[in-house]
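Visitor: Mind folding the following:
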Amino acid sequence: MNSKTCPFLAAMIFAFTWQIHAEDLKLAQWQLSYAGKPLANQTVLLEGKKAPTWFDFFRSREKVKTIAITDDKGFFQTVDLPAGDYTLKLVHVGKEPVAVKMFTLAKGYKDVSEKVELKDSVKFEEQLKTDVLRQEETQPK
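Guide: The predicted model follows:
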C-alpha cells in the first residue's frame, strides 16, 4: 500500500462503521380510555410517513404501519418508531379503522408518553362501551 491509499482506506472504514454504532432506544407510549375507563385489549393501528433524512431527499417519504394491542390498563407502546407524522386508529373486526388522534414524533425523540381520552364521536361507540363493560366484568373484585 502506498501513502495515498492508507488515508482513503481509513476514511472508508470509518464511513461504513459510523452507521452501525449503537443508538439509544426511542420509546413512544399511550394510554387509551373511554368514559374515564381504560380501553383494554383494543387493537390499534399507527399509520404514517417517516420524516425525511438528509440522504433521502430524492425519495418519497416512506410509509410506516404498525399494530399494537392495549393492555388491561389501556397502555400500549412502540419501540424505535421512526420520527414522522402519524395517525392513531382504532380497529374492530368488520369495520373500517377509525382515526382518533394525529401526532408527530420529532426527530431525536427519546421518550413520548400521552393519555388519550376517546370522545363520544368515535364511530363505533357502542362497541367501545361493550368492551369497557366486558373488561369490568372480568376484573376481580
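
Visitor: what about the strands in the protein?
Guide: Applying DSSP state E to the chain gives strands spanning 27-34, 37-38, 43-50, 63-69, 75-79, 84-91, 98-105, 111-118.

Visitor: ok and the last one relative to strand 27-34, angle-wise?
Guide: Meaning strand 111-118. Here strand 111-118 runs at an angle of 10 degrees relative to strand 27-34 (axes from the mean of the first three to the mean of the last three C-alpha atoms, to 10 degrees).

Visitor: and strand 111-118, average pLDDT?
Guide: For strand 111-118, the mean pLDDT works out to 90.

Visitor: Could you tell me the model confidence score at Tyr34?
Guide: 84.

Visitor: Help me confirm that it comes into contact with Lys115.
Guide: No - because the distance of 11.9 Å does not satisfy C-beta atoms under 8 Å, Tyr34 is recorded as not touching Lys115. C-beta here means a position set from N, CA and C on the backbone, and glycine is covered the same way.

Visitor: Which of those two has more residues huddled nearby?
Guide: Between Tyr34 and Lys115, counting by other C-beta atoms under 10 Å, Tyr34 is the more crowded of the two (21 against 11).

Visitor: any idea how far Pro38 is from the closest residue to that one other than its chain neighbours?
Guide: Leaving out its chain neighbours, the residue that sits closest to Tyr34 by C-beta to C-beta, 6 or more residues apart in numbering is Leu118, at 4.5 Å. Distance, Leu118 to Pro38, using C-beta to C-beta, to the nearest Å: 11 Å.
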